[in-house]
Structure formats: C-alpha cells, structure tokens
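[1] When you get a sec, could you give me coordinates for this:
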Amino acid sequence: MQIGIHLTPFFSPPDRPSTQIIDEVVAIAHRASQLGFAWISAPHHWTAHPTVWPQPFPLLARLAPETGSMRLMTLVVLLPLLNPVALAEEVATLDAISHGRLTLGVAIGYREAELEAVGLTRKDRVPKLEESLTLIKRLWSGEEVTFAGRYTRVTKLRMGLTPVQRPHPPLVMGCQSERATARGARLTDGVFFGPQVGWGDIMKLIDVYRQARAAAGNPSLGMLGASRALLLGQDQEDAVRVGRAYLERTFANYRAWAMQEPTMVPLALSFDRPLQDWTVHGSTADCVETLLRARDEMGLTGISFTTYNLPRDLSARLEYLERVAEEIVQNVA
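    Next up, the predicted model:
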C-alpha cells in the first residue's frame with residue numbers, strides 16, 4: 001500500500017495571506033517528499049468561498065521542483081467543467097515539468113454553481129466526461145485528430161507537446177457510486193473512493209470494480225485507492241476532540257454543496273455516522289491497524305490522507321507530518 005498527502009487541509013485556515021498559504025504548501029510538499037510519502041495530491045473546485053482552493057495545475061507546477069521523485073496527483077479534476085483540448089495541453093505540460101510524475105484523477109463533480117458557470121447541468125456530467133476522455137486520449141497520441149462530439153468539435157488538430165508518460169499519465173476516477181466505479185473500471189487505470197464513503201461501502205464498490213474491470217477486458221486491476229480522513233491523537237477520543245471543529249466545517253461545506261445524490265452510496269456528512277465507519281483515527285497504533293485491514297482485507301493499494309486535526313503553525317505541521325511518516329507510513333507502506 002502506498003500513502004500520499006492531500007493538500008486541502010493545508011489551505012486552512014483561510015484568514016492567512018494567500019502568499020503565505022502557498023509558501024507553506026511548498027514547504028509541506030518538500031518535506032513530504034523527504035519522508036517517504038508516495039504523492040502529493042491537489043483538489044479542484046471553483047468559487048469555494050469561504051474556503052480556499054488554489055487551482056491544481058499551477059499549484060502542482062510550483063511544487064514539481066520541490067518534490068524529488070514523489071508523484072503529483074489531481075484528486076480530482078472536475079472534468080466536465082473544463083475544455084478537453086485545454087486540459088490535454090495542461091496535462092502534457094505538467095507531465096513534462098515534472099519529468100513524468102503526474103497522475104490525473106478525474107470525476108464528474110456535483111456542485112450546481114460550478115456546472116452553471118459552463119452552461120451545464122447534472123445530466124450533462126457523464127456524457128461530457130466520457131466524450132472528453134475519448135478526445136483527450138486521442139490528442140495525447142500525437143496524431144492529427146478530427147472529432148465531432150456533442151460538447152466539443154475539433155478539425156485536424158495535433159498536439160506538439162505530448163505527455164512524457166506513454167501512452168499517457170495514469171488516469172484514476174473519483175468514485176462515490178456504483179456507476180462511477182464501473183465507469184472508472186472501463187475508462188481509466190484505477191479508482192479513488194471519496195473521503196466520505198464508508199469502509200463497508202468501499203468493500204462493496206471494490207466488488208463492482210473488479211467485475212466491471214473483468215467485463216471490460218482489462219488485464220490488471222490498476223490502482224484501488226481511497227481518500228481517507230486522518231485524525232491522529234493520543235487515542236480515539238482525543239483524536240475526535242482535536243478534529244471536531246474541522247469536521248464540523250467539512251460537513252457543513254459538503255451539505256451546502258449538496259454532495260449527497262440518490263445514486264451515491266450514503267456519505268458521511270454528519271456526526272450521526274460513527275468515525276470508525278469512514279475515517280482513520282486514534283493513536284498511531286489504531287491508525288496502522290485500520291490501514292492494514294484496508295490493505296489486507298479489502299485489497300486497497302493507495303491511501304491519500306486528508307489530515308483533519310492539523311495544528312496551525314507551520315513548524316508544528318511539519319512535526320505532525322514527520323510523526324505520520326515515522327509512526328504510520330513506515331509501518332504500512
């Protein structure tokens with residue numbers, strides 16, 4: 001099992017100058033690359049006030065020279081929001097900047113406000129994503145492409161700068177439903193289950209993925225990953241106490257954005273859902289035990305930590321990261 005660090009918590013609190021937020025993220029990424037983490041992952045949302053979400057491609061480009069051999073990942077780019085030709089070029093450029101260390105996570109998104117900004121509705125998400133992936137893969141081949149889709153048309157376009165990784169950077173699908181999981185098995189190189197998806201539902205979705213992967217004729221499983229909330233403390237009770245305020249803000253944010261949809265598995269969006277059902281929390285021994293079960297019983301090959309109980313000061317955050325690396329990652333990865 002490989003373990004990476006997700007950047008969203010490091011953007012908080014948002015009352016700091018934007019330059020300070022970015023500079024501290026650079027320091028975090030640099031230290032993470034020295035501590036044995038497999039990747040650093042960046043999120044994607046627009047107009048997320050009062051929270052802060054720097055855009056993933058310029059941010060990861062800034063982090064590329066600071067991160068050694070560690071991979072850079074998007075978790076996840078909301079593909080229907082973006083022009084696929086522009087995205088194909090952005091990905092190829094970042095893959096070159098990072099010397100072939102990019103993994104592209106994609107998903108359909110769910111916020112009405114973001115979709116409205118590009119003239120789409122929820123019913124457009126899946127067809128736009130599938131059409132975009134088809135076009136992007138063809139553009140990455142370096143061949144001349146003519147394509148007539150429902151959302152994008154191109155005539156005799158050919159990329160000059162193609163990805164370093166061939167045939168393209170690894171693709172993973174962000175999943176919170178059976179349909180998304182089957183879609184990822186068919187169209188990408190793996191899946192990443194969302195942070196609010198319970199452990200029990202992950203087991204069910206893994207079965208869906210395996211069956212869909214086999215039906216699609218893909219010879220390997222690819223990546224089986226999950227984004228997980230990490231709440232580290234002296235014990236489970238202490239971990240919850242320290243992380244409670246951040247959890248409350250997260251729940252409120254996702255409920256305001258109407259994250260839960262009928263086709264999704266039931267998401268953890270309140271304290272009504274026990275933390276042991278969906279997080280990695282407690283002492284380092286508790287966390288290691290949870291992760292070993294996820295590895296050995298579920299077959300997960302990747303975990304991206306969203307650290308919910310970070311201290312505010314940068315030096316304390318670096319010490320926290322070191323503790324996670326030394327006491328958890330080294331005992332699992």
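
[2] Mind jotting down where the strands sit in the stretch 201-333 of the chain?
    In the stretch 201-333 of the chain, the strands defined using DSSP state E, counting those that start in this stretch lie at 223-232, 279-282, 302-307.

[3] closest to M259 out of the ones you listed?
    strand 223-232 (13.3 Å; Cβ to Cβ). Where C-beta positions appear, they are placed from N, C-alpha and C, glycine not excepted.

[4] and the angle from the closest one to strand 302-307?
    In terms of direction (axes from the mean of the first three to the mean of the last three Cα atoms, to 10 degrees), strand 223-232 departs from strand 302-307 by 30 degrees.

[5] For strand 223-232, what is the distance to the chain centroid?
    Here the centre of strand 223-232 is set off from its chain's centre by 10 Å, with Cα atoms, centre = their mean, to the nearest Å.

[6] neighbouring strands for it, and are they parallel or not?
    Strand 223-232 sits in its sheet next to strand 190-193 (parallel), strand 279-282 (parallel), strand 302-307 (parallel), going by DSSP bridges.

[7] So for that strand, mean pLDDT?
    Computed over strand 223-232, the mean pLDDT rounds to 96.

[8] tell me which residues in that strand are buried?
    Neighbour counts over strand 223-232 (16 or more other Cβ atoms under 10 Å) mark 223-232 as buried.

[9] any chance you could map the helices in this structure?
    When assigned using DSSP state H, the helices of the chain occupy the ranges 18-34, 56-63, 84-97, 112-117, 125-140, 178-187, 199-215, 236-256, 284-293, 314-324, 330-332.

[10] Same list, these, but as TSV with distance to R158 please.
    What follows is those, written out as TSV (distance: least, Cβ to Cβ, whole Å):
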stretch	distance to R158
helix 18-34	34
helix 56-63	22
helix 84-97	11
helix 112-117	30
helix 125-140	8
helix 178-187	23
helix 199-215	32
helix 236-256	41
helix 284-293	45
helix 314-324	43
helix 330-332	44
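
[11] State whether R122 and L115 are indeed in contact, as I suppose.
    Yes - counting by Cβ atoms under 8 Å, R122 touches L115, with 6.6 Å between them.

[12] Between the two, point out the one with more neighbours.
    Set R122 next to L115 and count neighbours by other Cβ atoms under 10 Å: L115 wins out with 21 against 15.

[13] list the contacts for the residue minimising distance to the centre of the chain?
    Geometric centre of the chain, nearest residue: L75, 2.0 Å, by Cα atoms, centre = their mean. By Cβ atoms under 8 Å, 6 or more residues apart in numbering, the contact set of L75 is 6, 41-43, 105, 174, 192, 227, 304.

[14] which of those lies closest to L94?
    For the contacts of L75, the closest approach to L94 (Cβ to Cβ) belongs to A42, at 10.7 Å.

[15] Model confidence for the nearest residue to the closest one once chain neighbours are set aside, exactly?
    In space, and not counting its chain neighbours, A42 is closest to P56: 4.0 Å by Cβ to Cβ, 6 or more residues apart in numbering. Per-residue pLDDT puts P56 at 98.

[16] count of neighbours near P56?
    For P56, the count of nearby residues is 24 (other Cβ under 10 Å).

[17] do R125 as well
    Counted with other Cβ under 10 Å, the neighbours of R125 add up to 19.

[18] cool, D277 as well?
    Using other Cβ under 10 Å, D277 has 13 neighbouring residues.

[19] Then E289?
    E289 has 15 neighbours, counted by other Cβ under 10 Å.

[20] my guess is V280 contacts S227, does it?
    No - assessed by Cβ under 8 Å, V280 is found out of contact with S227, at 10.7 Å.

[21] sorry, back to before: any idea which of the contacts of L75 has the most stuff around it?
    Counting by other Cβ under 10 Å, G105 has the largest number of neighbours within the contacts of L75, with 29 neighbours.

[22] what about the residue nearest to it when sequence neighbours are not counted, distance to V106?
    Leaving out its chain neighbours, the residue that sits closest to G105 by Cβ to Cβ, 6+ apart is V76, at 4.0 Å. Distance of V76 to V106, computed by Cβ to Cβ, to the nearest Å: 6 Å.

[23] what residues are shared contacts of the two?
    Common neighbours of V76 and V106 (criterion: Cβ under 8 Å, 6+ apart): 172-174.

[24] bridging residues for the nearest residue to T279 once chain neighbours are set aside?
    Nearest non-adjacent residue to T279, counting by Cβ to Cβ, 6+ apart: A229, 4.3 Å away. Beta bridges link A229 to T279, T306, judged by DSSP bridges.

[25] Let me see the contact set for A229.
    Applying Cβ under 8 Å, 6+ apart to A229 gives the contacts 195, 243, 247, 278-281, 306, 308.

[26] Which residue, other than its chain neighbours, is closest to A27?
    Leaving aside its chain neighbours, A27 sits nearest to L314 (6.3 Å; criterion: Cβ to Cβ, 6+ apart).
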